[in-house]
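Engineer: With the sequence up front, the predicted model follows.
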Amino acid sequence: MRKLSLVLFAMLLVAFNNIGFSQEKNFTIDKLSIEGRADYDLFYVNEEFNSGIDGKYFNFEMKGSFLQDFSYRVRQRIDMYKGSSKTDFMILSYHANKNWSLTAGKMPLAVGGWEYDLAPIDVYYASYFWNTFDCYDVGGQVEFHTNDGNHDIIFQVTNSTFTKEKFQNMYAYNLIWYGRMGCFTTSYSINMMEQRKGQFINYIALGNMFDLGRFDFYVDFMNRGFFNQSDFFLGDFSVIGEAKYAFTDKFTGIVKGGYDRNKHSYVEYKDGHPQYIPFDYTVTPGVEYSFAGLGFESYPYKGNQNVRLHGFFALNKLGSLYDFAGLDLAPVESKLTYQFNLGVTWRINFAK
């Protein structure tokens, strides 16, 4: 019923837009679309097979402009497997001039990296960090755009993603640079996120994308840490790489792999007494995770990407870097998982 209501709402907006709003130049719908994805998954873990058909996501998205200086974007995402609905985007932007703009609302946290930037519906298998980080929250940002349009610098303040309660006086401060220099594009950020009251975890995220025509690839690196912990660099980090090659306009091969680890202990001492509080809420202290896979994307209809088939074979290994004995905590179960996947994604664009 919810999906039907969204479709009817979308059709109504298109009708109104065609009638007169766009002619008056004060309201436009530049994109109005729905999309869905469903997968078949086969897992082999601990000498057991598990399989099933998994409805992934159903998205409703709308964006456009009004009153010349304002733009908006809305994306509602329904997780069909979990039965939950989330608002990814609900933003309003004011474009003061060619160089400066202001944005407020529900938005993705400005964290660097190209795996992170992808919409969930376009991610097939991912890093430990991607699977555990809740990346959408409410806040505002100031954006600077260079005259040539090749560089964007954004400073953002949002609620901390690590608190689910309102009005906790906990915030995230994010600075990101998107730079386009020929075939090389950056997504670099420095982030300070309040994980506990008055205690900020720092991210240094470096996303590097290379576009060489039919062949493109990215390499992401993220360092995480508190300034008062040992091994601030490379104690807690992720590295991810993906390469794609378009053999034809209809078929693209994909190779992807990555590694996450956090070698820091849970233990934090206060007044000589141990407190079992993690330094990082995303990649659990003591965890080591590696993954790799081969896959493909196929677009059956030439010149049209509204139907996409995909498939991949991947394996991942989750384990512990140290013995949790003596910390009064359950150990992380070490396991190797094999995954085979086939799926389809479809999109309908009511306005584009």
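Structural biologist: Right, received. Where do you want to start?
Engineer: which regions of this structure sit below the pLDDT cut-off?
Structural biologist: Where the chain drops to pLDDT under 70, the residues are 1-25, 266-270, 272-277, 322-333, 352.
Engineer: Which secondary structure element is home to the most centrally placed residue in it?
Structural biologist: With distances taken as CA atoms, centre = their mean, residue 116 lies nearest the centre of the chain, 3.7 Å away. Assigned by DSSP states H and E, residue 116 falls within helix 114-117.
Engineer: Go ahead and confirm the residue nearest to the centre of the chain touches residue 206.
Structural biologist: No: between residue 116 and residue 206 there is no contact under CB atoms under 8 Å: 11.4 Å. The C-beta positions use only the backbone N, C-alpha and C, and glycine is treated the same way.
Engineer: Which neighbours do the two have in common?
Structural biologist: Common neighbours of residue 116 and residue 206, using CB atoms under 8 Å, 6 or more residues apart in numbering, are residue 220.
Engineer: how many neighbours does residue 192 have?
Structural biologist: By the criterion of other CB atoms under 10 Å, residue 192 has 15 neighbours.
Engineer: Look up how far residue 42 lies from it.
Structural biologist: Residue 192 sits 41 Å away from residue 42, going by CB to CB, to the nearest Å.
Engineer: Ok, residue 51 next?
Structural biologist: Remark: distance between residue 51 and residue 42 (CB to CB) = 4 Å.
Engineer: more crowded one of these two?
Structural biologist: Between residue 51 and residue 42, counted using other CB under 10 Å, residue 42 has the larger neighbour count: 14 against 11.
Engineer: Assign a three-state SS to that one, would you?
Structural biologist: Of the three states, residue 42 takes strand according to DSSP: H, G, I helix; E, B strand; the rest coil.
Engineer: Wait, it touches residue 340, no?
Structural biologist: Yes: counting by CB under 8 Å, residue 340 is a contact partner of residue 42 at 4.3 Å.
Engineer: quick check, residue 131 in a helix?
Structural biologist: Yes: under three-state DSSP, residue 131 sits within a helix.
Engineer: need the helices for the stretch 151-300 of the chain, in chain order.
Structural biologist: Remark: helices of the stretch 151-300 of the chain are absent; assignment by DSSP state H, counting those that start in this stretch.
Engineer: for the stretch 1-150 of the chain, same thing?
Structural biologist: Under DSSP H, counting those that start in this stretch, the stretch 1-150 of the chain gives helices at 2-16, 114-117, 128-132.
Engineer: So what's the residue count around residue 318?
Structural biologist: 19.
Engineer: element containing it, please.
Structural biologist: In the assignment (DSSP H and E), residue 318 maps to strand 307-320.
Engineer: which strands and helices sit next to that strand?
Structural biologist: Helices and strands touching strand 307-320, by 3 or more CB pairs under 8 Å, 6 or more residues apart in numbering; DSSP states H and E, are strand 287-298, strand 335-351.
Engineer: As TSV, those strands with distance to residue 106 would be great.
Structural biologist: Shown next, in TSV, are those (distance: least, CB to CB, whole Å):
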stretch	distance to residue 106
strand 287-298	29
strand 335-351	22
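Engineer: out of those, nearest to residue 166?
Structural biologist: Checking those against residue 166 by CB to CB gives strand 287-298 as the closest, at 30.2 Å.
Engineer: So for residue 247, what's the nearest residue that isn't a sequence neighbour?
Structural biologist: Spatial nearest neighbour of residue 247, chain neighbours left out: residue 253 (6.4 Å); criterion: CB to CB, 6 or more residues apart in numbering.
Engineer: show me what contacts the one you found?
Structural biologist: Counting by CB under 8 Å, 6+ apart, residue 253 touches 244-245, 247, 294-296.
Engineer: mind redoing it with 7 Å?
Structural biologist: 244-245, 247, 296 (CB atoms under 7 Å, 6 or more residues apart in numbering).
Engineer: repeat for residue 59
Structural biologist: Residues near residue 59 by CB under 7 Å, 6+ apart: 34-35, 75, 77, 121.
Engineer: chain center to stretch 339-352: distance?
Structural biologist: Centroid displacement of stretch 339-352 relative to its chain, using CA atoms, centre = their mean, to the nearest Å, is 17 Å.
Engineer: Give me the contact list for it.
Structural biologist: Counting by CB under 7 Å, 6+ apart, residues outside stretch 339-352 touching it are 10-11, 14, 17, 29, 31-43, 121, 124-125, 306-314.
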